Structures are given as C-alpha cells and as structure tokens.
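Q: Could you look at this predicted model? Sequence included:
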Amino acid sequence: GAVVSQHPSRVICKSGTSVKIECRSLDFQATTMFWYRQFPKQSLMLMATSNEGSKATYEQGVEKDKFLINHASLTLSTLTVTSAHPEDSSFYICSARDLGDGMNTEAFFGQGTRLTVV
Amino acid sequence: GQNIDQPTEMTATEGAIVQINCTYQTSGFNGLFWYQQHAGEAPTFLSYNVLDGLEEKGRFSSFLSRSKGYSYLLLKELQMKDSASYLCALNDYKLSFGAGTTVTVRA
C-alpha cells in the first residue's frame, strides 16, 4: 500500500510553545489530508480536513487559531499546535487520500505523533 | 448526522473465530471501512465494503448489509498478534470512525 510518513513520532514541549507536525505522502498525490486526535482507549476524532491549496475545514469545537493546518502541496500537510497546554497532550494522526479517482479509495495513515506538553 | 456502534471489548482464544459487529445510521452511504490499530500505532486498512455481501481476505472477512445498517468483521484462526483495536468507519469523503472494539486474544 501507499506510504504516509508523519514526523516527529514523539515530541515533548513546554507549555506555551508551538509544535509543528508534518505529514507526507511518499508515493502518491494526496488530494485530501485529514488530521485526527486520539485519547487513550478512545477512537479517532477528526479535527480537520485539508485540501491542497485551500483552507482547512475544521470540525465543530476545534479551534482554528490553535491548530493551524497548511496543505501547501499534494504531498505535504502540516499541523501546528500553537501555544500548547498540557490538555493538548494527545496522539495526533494524519491520514491521506487520493480522491481524484472517486471516493472508493482507502485512507492511508501516518505513524502518529505522541505530543506531551509539560 | 452519523451514528456508529461497536462493542467495546471482546476476548477470544488463540485459534478461535471472533465476529465484531458494527451498526450504523447515516443519511448517505458510500461504503464502510475496517481498520486494525495496535496500541500507540496508526490504523492499518483491513477491508472495504460498498455493496452488500461478504468480502474475504485471508483470515479476515467483512460483511455488509446496507438495508440493515450492519457490518461485521470476522477474524478466523486467531493469533496472538491479532490483539488490537478494530475500527469500523463510514466513508463519507472524510472517514467517521466508530469507538473501536478492543480484541484480546488469549493462549
């Protein structure tokens, strides 16, 4: 299957700082990328959807100014957690799909980023 | 809106068969995915159903009934490495995931 690379896999940052997480599709063009957040023993909660070259669409309750998403190319999307606080500590996972040929395509997931804010 | 229900936990013995049910309600159906997720890792694709019936892939099979809003994932010849969380997700441009079913395989 296709490969989606997410970096870093783990990051510890101080409260008040910003953290950038990168998501790259290595062998296909990802027309659409999704960012999820997952708390322990819970399912993936969609935060936002981004299409290359356009603004991200955020789910209800997700702060746009806190979770900045950029999808500048068909192979790269970034999530920046600004002014991080301990409650932002979580597992963040990106997903990429090539929806150019229709919706019956699977979503490929990055390895996830474990963010700990201290 | 969408609503997806899965059992929270299931336990089975190595070599046995386990069936994980997923019921859903949605205004527009475009397919249903099953993913496997080990703790601390990203989900990996298992199967996709868009038409009614059974899809078989080795030890894993998935069934869909659109009229009943129902799917199941069947795991045969269980192995210890199958201990994981299994997520069903509705395909609606963005994937909407159920809460996941944690399967524990015991020797």
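A: Nice, I can see it.

Q: What is the three-state secondary structure of the closest residue to chain A within chain B?
A: Residue nearest to chain A within chain B: residue B:42 (3.9 Å; C-beta to the nearest C-beta). For glycine as for every other residue, the C-beta is placed from the backbone atoms N, C-alpha and C. The assignment at residue B:42 comes out as coil when based on DSSP: H, G, I helix; E, B strand; the rest coil.

Q: Ignoring the adjacent residues along the chain, who's closest to it?
A: residue A:109 (3.9 Å; C-beta to C-beta, 6 or more residues apart in numbering or on different chains).

Q: For the one you found, list each beta-bridge partner.
A: When assigned by DSSP bridges, residue A:109 has beta-bridge partners residue A:95.

Q: and the residue of chain B closest to chain A, how far is that from residue A:116?
A: 18 Å (C-beta to C-beta, to the nearest Å).

Q: On the pLDDT front, check the residue nearest to residue B:42 for me.
A: pLDDT, residue A:109: 93.

Q: Can you give me the neighbour number for residue A:10?
A: 11 (other C-beta atoms under 10 Å in any protein chain shown).

Q: ok, now how distant is it from chain B?
A: Between residue A:10 and chain B the distance is 10 Å, computed by C-beta to the nearest C-beta, to the nearest Å.

Q: what about the residue nearest to that residue when sequence neighbours are not counted, which helix or strand?
A: Closest residue in space to residue A:10, ignoring its immediate chain neighbours: residue A:114 at 4.6 Å, by C-beta to C-beta, 6+ apart. Using DSSP states H and E, residue A:114 sits within strand A:113-117.
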